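Asker: With the input below, show me the fold.
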Amino acid sequence: MSETTILELRQKDSSDVERNGIYKTTLSSAVQIEEGDQVNVKAIYLDTSESSAGLIHLEDPVNIDMEMCMYLQNYNQDQQYVTNVSNTPTSLRFYPNIPVLDSRTIQEKGDNAIWWLSSHQQTIGNQNWQLNFVKLVPLPGATEYGPIDIQMNYTPLASGATQTQTTILSFKKKVKISDAPARFEYAVKVLGKGDGDGGFFSLYTSQEQLKAAGLGNVTFDEFQEPVEPGRVVFNLQRFPLKFTIPAGDYTPGEIASIVTENMTNLETTGKVSDVYTVTAATNPATKTQWPAMSPFLTTILKNDKYLQDLAAAEGVTIGQSFVNQGGYITPNGLNNSGIYYMTYNLAGMRAEFDLGDPDPTNFNPPLDKYVGANQVGLIFNESTNKLEFNLHFPLYVNESEPDKQSNDAQPGVRYNAILNTIPDVFCIPTGMPLRYSGVAFTKLEPLDFWTNTLGFNNPVVTEIHDVNLTYPTANDFSYANNSFTITPQDGVNITGAFPSLDVGVVKSESRYSTPPFSNLTSGSIDISNPAIWSINSTKTYNNDIAAEGYFLVDVSPNFNQNLVGGAGTGQNSKSTQSIVNRYYTQNSFTSDQGAGSINYIHTGAPEMLSEFQVRVLNPDRSTVDPHILQDKNTVFIEVIKKKTEN
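Answerer: The predicted structure follows:
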């Protein structure tokens, strides 16, 4: 006769979890085993719901909400344009608040830095507000707070803007209360729309996130003040895209394809065309069809048309501009981040149209330029088994017959001299543009899908408003300090050609010489480069070890049994073991009813069972990749006590 006791070892009930699939369970009351008692794994349920057999499981449809901003990389060769009007090189880029550059040549005006597509306009009425401080309220009895990113909802001051989010404070490690600023107040600056009573500011960070970081609340209402009318404000332009991924199980490649198909549609927002109608001769900006109708790719004239339509609807004046990047530190130590802007000679570009020739066969379109990214998409890299984003417009080099407008150029890099003679402007220390243009995310929602399900470590760029900003009036607009900075990082939130060692090798030289830098004063050196500096997910999919077909579940109290591994592996164990078929799934859980259990029969002195260490392992005893297991893992242990008859 025998008596059976079932022990439930449930990860969700454990207070000691190292990672999903590795945890300790302490029994509410100890169980004694004696001579002849049998212990074995009765059943196992492993939570592979997210990645059942290597799949990404979506329980419900996922409503994707993307928001992008665009930029140009401002290299010197891109300053020069040959126009139909004069048939000579000219510059269509102006730098209004850097007047000293007017004395420079076209080639001297590039700095290789990132400049963000923006709009600028004057404030009107009493609906413009700035938030200057926030106050943190620690939990009662707390001695420290953090780490946490504190984010806020607001509506930018730009015409047509909708609510978005920004990170106003970022604590990467814990802050001791004794080190906190007086009254826990931190200086910030957020510019946003509102009404006569104040700005439309609200906290985006959840109360659960605040509590986990040792904070009870964040207050800010008392720290708002209006931005008076007539002040010039620069606003980052944002371009939204929304779509839905249906519920279901997907391979990483299938998820990548769905996202990419929605991102790369050339006609996302309307029909495209490359023909300006003759009726638009006096003002080509009235064109309604363009070569790209996408939130990832636009043109200078198309974006100006969009801004002028907003201006007409609201009765304001809006200009198109590009604001220089953050991290713009000059050799003499000046921080010139976000204080310069660049515009295009729109009138000169439109003057290229038709040139007054009434013969429609002699049609000349306006001179227009792309802005944004043409190489966009979410890709599953089968070499690394990772998802990655590409979000840029490459530099195309080595075109075989440029005079015949051939279309066989290759992505590459450009060695591009910075001809700087003035120490406080145009001094970004790189001579190698990695792209023509590109986009960066300003929003990726839902956050849980992008970070936890797909494993991206928040590639969103943060728009920072200078806390010391003073707004110029229209009269000193040419000397405006711009209203924000964004500091991009290659491979983190923007992409481009990867500057590997190979791009320094000139392949056309049999002696493999270095680039002849002396030639850069009159031109540039272009080198093909297929390697991309992508934004990579942190998750590895299709793990080869997992593909062997089973998990090894190790339950470790003071047992004395042995599991002997294959010759040469050295992988022996004295724990209770069970072998779980990797591909037997039930309701998105991998389960086993004890068929793979290795039984243990106790010998020797009685022992007390009070604590169990559970470890779910790959066949080589390595830990399981984090994306495969979630937290609803349970192991049932069966204790069969041998009863002697009286």
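
Asker: Which residues does residue 170 form beta bridges with?
Answerer: With DSSP bridges as the criterion, residue 170 is bridged to residue 149.

Asker: Surely it touches residue 186?
Answerer: No: Residue 170 is beyond contact range of residue 186, at 10.7 Å (criterion: C-beta atoms under 8 Å). All C-beta spots, glycine's among them, are computed from the backbone N, C-alpha and C.

Asker: So which of these two has more stuff around it?
Answerer: Per other C-beta atoms under 10 Å, whichever of residue 170 and residue 186 has more neighbours is residue 186, with 17 against 12.

Asker: what's in contact with the helix or strand hosting the more buried one?
Answerer: Using DSSP states H and E, residue 186 sits within strand 185-195. With contact meaning C-beta atoms under 8 Å, 6 or more residues apart in numbering, strand 185-195 is reached by 126-136, 152, 154-157, 161, 166, 168-169, 199-201, 223-224, 227, 233, 465-467, 469, 483.

Asker: Take these and keep only those in helices.
Answerer: Nothing among the contacts of strand 185-195 maps onto helices, per DSSP state H.

Asker: coming back round to it: within the sheet, what are the partner strands of the strand holding residue 186, with directions?
Answerer: strand 128-138 (antiparallel), strand 198-199 (antiparallel).

Asker: Dump that strand to PDB, restricted to CA.
Answerer: The C-alpha atoms that make up strand 185-195 are tabulated as PDB, following Å, rounded to 0.1, in the frame of the first residue of the first chain:
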ATOM      1  CA  GLU A 185      12.100  70.000  -7.700                       C
ATOM      2  CA  TYR A 186      13.800  69.500 -11.000                       C
ATOM      3  CA  ALA A 187      14.100  72.100 -13.800                       C
ATOM      4  CA  VAL A 188      12.500  71.000 -17.100                       C
ATOM      5  CA  LYS A 189      11.000  72.800 -20.100                       C
ATOM      6  CA  VAL A 190       8.100  71.500 -22.000                       C
ATOM      7  CA  LEU A 191       6.300  73.700 -24.600                       C
ATOM      8  CA  GLY A 192       2.700  72.800 -25.200                       C
ATOM      9  CA  LYS A 193      -0.800  74.000 -26.100                       C
ATOM     10  CA  GLY A 194      -3.400  74.800 -23.600                       C
ATOM     11  CA  ASP A 195      -6.300  77.200 -22.800                       C
END
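
Asker: where exactly do the helices run in the stretch 301-450 of the chain?
Answerer: Counting by DSSP state H, counting those that start in this stretch, the stretch 301-450 of the chain has these helices, from start to end: 346-350, 447-448.

Asker: rank those helices by pLDDT, which is bottom?
Answerer: Mean pLDDT is lowest for helix 346-350 out of these, coming in at a mean of 86.

Asker: Now that helix: buried residues?
Answerer: 346, 348-350 (16 or more other C-beta atoms under 10 Å).

Asker: one step back: centre of the chain versus the strand holding residue 186, how much separation?
Answerer: 24 Å (C-alpha atoms, centre = their mean, to the nearest Å).

Asker: rewinding a little: and the buried residues of helix 346-350 as a markdown table, adding distance to residue 313?
Answerer: Shown next, in a markdown table, are the buried residues of helix 346-350 (distance: C-beta to C-beta, whole Å):
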| residue | distance to residue 313 |
| --- | --- |
| 346 | 19 |
| 348 | 26 |
| 349 | 24 |
| 350 | 21 |
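
Asker: between those residues, which is closest to residue 266?
Answerer: For those, the closest approach to residue 266 (C-beta to C-beta) belongs to residue 349, at 22.2 Å.

Asker: I'd say the closest one and residue 343 touch.
Answerer: No: using C-beta under 8 Å, residue 349 makes no contact with residue 343, being 11.4 Å away.

Asker: any idea where the strands of the stretch 301-450 of the chain begin and end?
Answerer: 318-324, 341-344, 370-372, 375-381, 386-393, 395-397, 410-415, 437-445 (DSSP state E, counting those that start in this stretch).

Asker: who touches the closest residue to residue 606 other than its chain neighbours in this structure?
Answerer: Counting by C-beta to C-beta, 6 or more residues apart in numbering, residue 34 is the residue found nearest to residue 606 once chain neighbours are left out, at 4.6 Å. Shown in contact with residue 34 (C-beta under 8 Å, 6+ apart): 602, 606, 641-642.

Asker: burial count for the nearest residue to residue 455 once chain neighbours are set aside?
Answerer: Excluding the flanking residues, the one nearest residue 455 by C-beta to C-beta, 6+ apart is residue 539, at 3.2 Å. By other C-beta under 10 Å, 20 other residues sit near residue 539.
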